[in-house]
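*Asks:* sequence and predicted model, in that order:
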Amino acid sequence: MDEKILIDIVTQKMPYGKYKNRFIYQLPEPYLVWYHNKGFPQGKLGMLLNTIYEIKLNGLEYLLEPIIKNQKNNI
């Protein structure tokens, strides 16, 4: 897994919709499942949504914890 992708998941916000301005990693799992069934958008946003979906589906959220902690320390 590319660390840059994980950093983007922690630092980038959802640009539109019900969860606009929430960080990608904070999106609720049912929303990600809905996107999975509907189809993720094209481009980088779709890739990030698909990645966080897979992370949550497989219980790998712990991979994000050091990055989240680091981001909070840099604020």
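*Replies:* Looks like it arrived, so ask away.
*Asks:* select the longest helix from the chain.
*Replies:* Secondary structure of the chain per DSSP state H: the longest helix is helix 43-57.
*Asks:* which helices and strands does that one pack with?
*Replies:* Applying 3 or more C-beta pairs under 8 Å, 6 or more residues apart in numbering; DSSP states H and E, we find helix 43-57 packed against helix 3-11, helix 29-38. Placement of C-beta: from N, CA and C, glycine included.
*Asks:* pull the distance from it to the chain's centre.
*Replies:* 6 Å (C-alpha atoms, centre = their mean, to the nearest Å).
*Asks:* between it and helix 3-11, how many degrees?
*Replies:* On the basis of axes from the mean of the first three to the mean of the last three C-alpha atoms, to 10 degrees, helix 43-57 is oriented at 80 degrees to helix 3-11.
*Asks:* in helix 43-57, what's buried?
*Replies:* 45, 48-49, 51-53, 55-56 (16 or more other C-beta atoms under 10 Å).
*Asks:* how many neighbours does the nearest residue to residue 12 once chain neighbours are set aside have?
*Replies:* Distances taken as C-beta to C-beta, 6 or more residues apart in numbering put residue 24 closest to residue 12, at 5.5 Å, once the chain neighbours are dropped. Using other C-beta atoms under 10 Å, residue 24 has 20 neighbouring residues.
*Asks:* what does the next helix or strand after the longest helix of the chain rub up against?
*Replies:* Under the assignment DSSP states H and E, the closest C-terminal helix or strand after helix 43-57 is helix 65-73. Here helix 65-73 makes contact (C-beta atoms under 8 Å, 6 or more residues apart in numbering) with 3, 6-7, 10-11, 25.
*Asks:* fine by me, thanks again.
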